[in-house]
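> Whatever this is, show me its structure:
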Amino acid sequence: MTKEAAIPEGCQRIEVTLRGSGDRSTPGVALVKVWSPVERQHRAITRTGRIVGAILACSLIGLFVHILLLFIIPLLLATIAGALPLYLRFAAEESTWFKVEGECPNCTGGKWLRPFIDTRYHGGEEMVAQCPACGQNARFRSTVPPGA
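Take a look at the predicted model:
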């Protein structure tokens, strides 16, 4: 996996159609990675550990302010309890899309679009990408399921 792009090796290139806020649509190619069960588990543990670790590290500041001590213990318990649903959500992600290469249908200046909120790839369903050049959202859909 390259650090600067954070795109793993073995990505599939799936043709999609991008649609902007107007009637304009442009062709594009989505980079999709289908995860093996071992990769999914490792990725879920890593992503959950980063999020929970960051929350726990920030809450450790409250240990030095004694008045916040009463709020720290419930926060720690809630964070640890929330780690399981977070892990299950990440472990259920069978395929991930990293970016869509193609011209932005809104500004025609962006040459690639990034995920907006959700990175799970659903073949046949509409997904949302964001152009880093203009900040507008574009929807895209592919009829090809991942791994086909």
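> Give me the neighbour count for Val29.
Val29 is flanked by 16 other residues according to other CB atoms under 10 Å. Every C-beta, even on glycine, is put in place using the N, C-alpha and C of the backbone.
> so who does it touch?
Going by CB atoms under 8 Å, 6 or more residues apart in numbering, Val29 touches Arg13, Ile14, Glu15, Val16, Val100, Glu101, Gly102.
> Give me the pLDDT value at it.
What the model reports as pLDDT for Val29 is 90.
> Now it: which helix or strand?
Here Val29 is covered by strand 25-34, with elements defined by DSSP states H and E.
> out of the contacts of Val29, who's nearest Asn137?
Val100 (11.8 Å; CB to CB).
> Wait, a strand at that closest one?
Yes - counting by DSSP: H, G, I helix; E, B strand; the rest coil, Val100 is found in a strand.
> list the contacts for it?
Val16, Leu18, Gly28, Val29, Ala30, Leu31, Trp112, Leu113, Ala129, Phe140.
> shouldn't the first one be in contact with Gly28?
Yes - between Val16 and Gly28 there is a contact at 5.1 Å, judged by CB atoms under 8 Å.
> Overlap in contacts, these two.
Shared contacts of Val16 and Gly28, defined by CB under 8 Å, 6+ apart, comprise Val100, Gly102, Phe140.
> hey, where'd the helices end up in the protein?
Applying DSSP state H to the chain gives helices spanning 37-59, 69-91.
> So what touches the last one?
Spelled out, it's helix 69-91. Outside of helix 69-91, the residues within contact range by CB under 8 Å, 6+ apart are 40-41, 43-45, 47-48, 51-52, 55-56, 59, 62-63.
> Need the residues you listed in CSV (columns: neighbour count and distance to Glu9).
Below are those laid out as CSV (neighbours: other CB atoms under 10 Å; distance: CB to CB, whole Å):
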residue, neighbour count, distance to Glu9
Arg40, 18, 16
Gln41, 14, 19
Arg43, 17, 14
Ala44, 19, 19
Ile45, 13, 20
Arg47, 16, 19
Thr48, 20, 23
Ile51, 16, 25
Val52, 16, 28
Ile55, 17, 31
Leu56, 14, 32
Ser59, 16, 36
Gly62, 17, 42
Leu63, 10, 42
